[in-house]
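Chemist: How does the following fold in three dimensions:
(chains A and B)
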Amino acid sequence: MRARPSDYELVIPHTLPAVLSLLGQEPGVWLPIAGGTDVMVQYAAGKLGRRKLVSIWNLPELRRIEVFAAEIQIGAGCTYTDLSEHEVVNREFTLLSRAARWTGGIANQNRGTIGGNIVNASPAADSLPALLVYEAELLLVSSRGERRVPYTGFHIDYRKTQIAPDELIRAICLKRRFSEYYAHARKVGARNAQAIAKVCLAALGRLADGVVEDIRLAMGSVAPVPLRLTGTERIVKGNRIDSWLVQLARTTATAEVQPIDDIRSSARYRAAVAGNLVAEYLEQLERSSN
Amino acid sequence: MSESSQDAKCEIAFTVNGQLATVRAYAMERLLDVLRHELGLTGTKEGCGEGECGSCSVLMDGSLVNSCLIPVLQASGANIVTIEGLACDGHLGVLQQTFLEYGGAQCGICTPGMILAAVHLLRKKPCPTLEEIREGLSGNLCRCTGYMQIIEAVAEAGRRGAAT
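Modeler: Prediction:
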């Protein structure tokens, strides 16, 4: 059933401290809403649990990308368009800028935010595997202060995260040390724009003297949370890529994912595609050194 | 100071197609509904109501948005352009004209959103390639035309300098 607007409250405090104060006074009561690309869909369907919303859209403190020597800090309120148009993100974090261009269509890219994508915590989100392989860190802020946590492990179960009810993500920190890596992203879906992935992959790897010195593989839509394929990485790391290793990585990845059957695809298909995407990446990584 | 609905309608002012509009609405009413029902701007269509189809696209402060996903309070003070704002003194805008000439509109439900997405695209890329047109319109679904006429209409509008 459709939501009745009169049943809901929305406030726009205009500053970050004012938002945090509200969240701190009544933890778990106020639902932050940024661009609304997820919240408004649940709202329209009458499925929004909370009746009080606080707008964090366009808060200046959340909508900036700060570039430091060792890392960049992406404000959680930056939109996909902000990401895909940013020079440093485009040059050094191609997996993220590519995922930003894959998410929704232009209108959703103009409103959907990276922070919203993280807390909405869909295992199918396009940008989250990229954050896993870059080993992002999150700055979580509340009226109690700020803490820095690794993004790895932030998702604890299907749509559950480590964020406290009075906290917001202020920024996503990415270390600037991936320019020597071979980056590759693939989304397998019914169509590129507007379609949610059946399986998506973000991969980073680096060869030294023909040996895989480092490899990072993460996938969406193959588990209750965005998944880092650490078992497959272990098989590959320290070895030369040949057809035997590619086949071993394929079968390891197929077994490592935990996909489900749903309206978009089947578990069996997803597992097979997961293996194929890993194999495809390793073959490309091997060729990249020639 | 914060703006709040407190279970009651609040007064919200924004600019629509160059005119200042003041409405009394609940803060969480969708911009789409306010445009259509309060302001009578029924050119903006509702398709899916969940940000998938692009029929309700409008420009908000120059940015293409799905008006079904905007709580109207977030539009407070904004500059909105709907399809009704594109014609000038009874003359069609360039994109409206090329959609007409190239058969870019059939049933018409997607057309206003499609044209606003094209306006947004041409402002960023005045002479887009076919690939850029496809990407720029990828959030707007059409079940009639098969897209080719729309893409040709946008390309022709670019050639006629619609962005200037």
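Chemist: Distance of residue B:145 relative to chain A?
Modeler: 17 Å (Cβ to the nearest Cβ, to the nearest Å). Just so you know, the C-beta spots here come from the backbone N, C-alpha and C atoms, and that holds for glycine as well.
Chemist: next one: residue B:28
Modeler: 4 Å.
Chemist: which ones are touching that residue?
Modeler: A:3, A:5, A:8-10, A:43, A:53, B:5, B:71-73 (Cβ atoms under 8 Å, 6 or more residues apart in numbering or on different chains).
Chemist: Which positions in the helix or strand that residue A:282 is a member of come out as buried?
Modeler: Using DSSP states H and E, residue A:282 sits in helix A:267-288. For helix A:267-288, a neighbour-count test (16 or more other Cβ atoms under 10 Å in any protein chain shown) marks A:270-282, A:285-286 as buried.
Chemist: ok so, going back, quick check on the contacts of residue B:28: which are buried?
Modeler: A:3, A:5, A:8-10, A:43, A:53, B:5, B:71-73.
Chemist: Let me have these in CSV, extended by distance to residue B:54 and pLDDT.
Modeler: Shown next, in CSV, are those (distance: Cβ to Cβ, whole Å; pLDDT from 0 to 100):
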residue, distance to residue B:54, pLDDT
A:3, 22, 88
A:5, 23, 95
A:8, 25, 96
A:9, 29, 96
A:10, 24, 97
A:43, 19, 96
A:53, 24, 98
B:5, 28, 44
B:71, 19, 98
B:72, 19, 98
B:73, 23, 98
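Chemist: ok, of these, which one's closest to residue B:101?
Modeler: residue B:72 (35.7 Å; Cβ to Cβ).
Chemist: shouldn't the closest one be in contact with residue B:30?
Modeler: Yes - counting by Cβ atoms under 8 Å, residue B:72 does reach residue B:30; the two are 6.9 Å apart.
Chemist: which residues are in contact with both of these two?
Modeler: What both residue B:72 and residue B:30 touch, as defined by Cβ under 8 Å, 6+ apart, is an empty set.
Chemist: Now do the domain split for chain B, please.
Modeler: B:10-85, B:94-159 (automatic domain parsing).
Chemist: now chain A
Modeler: If you go by automatic domain parsing, chain A breaks into A:7-179, A:182-288.
Chemist: got TSV for those, with distance to chain B too?
Modeler: Shown next, in TSV, are the domains of chain A (distance: least, Cβ to the nearest Cβ, whole Å):
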stretch	distance to chain B
domain A:7-179	1
domain A:182-288	3
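Chemist: quick one, which of these is nearest to residue B:158?
Modeler: domain A:7-179 (16.2 Å).
Chemist: From the chain's centroid, how far away is the closest one?
Modeler: 10 Å (Cα atoms, centre = their mean, to the nearest Å).
Chemist: Let me know whether the lengthiest helix in chain B sits next to chain A.
Modeler: The helix that spans the most residues within chain B, counting by DSSP state H, is helix B:111-124. Yes - interface with chain A: helix B:111-124 contributes B:117, B:120-121 (Cβ under 8 Å from any Cβ of the partner chain).
Chemist: Quick check: buried residues in stretch A:198-209?
Modeler: Residues of stretch A:198-209 classed as buried: A:198-207 (neighbour count, 16+ other Cβ under 10 Å).
Chemist: how about it as CSV, C-alpha atoms only?
Modeler: C-alpha atoms of stretch A:198-209 as CSV (Å, rounded to 0.1, in the frame of the first residue of the first chain):
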residue,chain,number,x,y,z
LYS,A,198,23.3,-10.8,-11.6
VAL,A,199,27.1,-10.8,-10.7
CYS,A,200,29.6,-8.0,-10.6
LEU,A,201,33.4,-8.1,-10.1
ALA,A,202,36.0,-5.6,-9.1
ALA,A,203,39.6,-6.8,-9.4
LEU,A,204,43.0,-5.4,-8.8
GLY,A,205,46.3,-7.3,-9.4
ARG,A,206,50.0,-6.7,-9.8
LEU,A,207,52.6,-8.9,-11.4
ALA,A,208,56.3,-8.9,-10.6
ASP,A,209,58.6,-11.0,-12.8
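Chemist: tell me the mean pLDDT for that stretch?
Modeler: For stretch A:198-209, mean pLDDT rounds to 94.
Chemist: quick one on the thing from earlier: can you list which of the buried ones among the contacts of residue B:28 are found in helices?
Modeler: Using DSSP H, these in helices are residue A:43.
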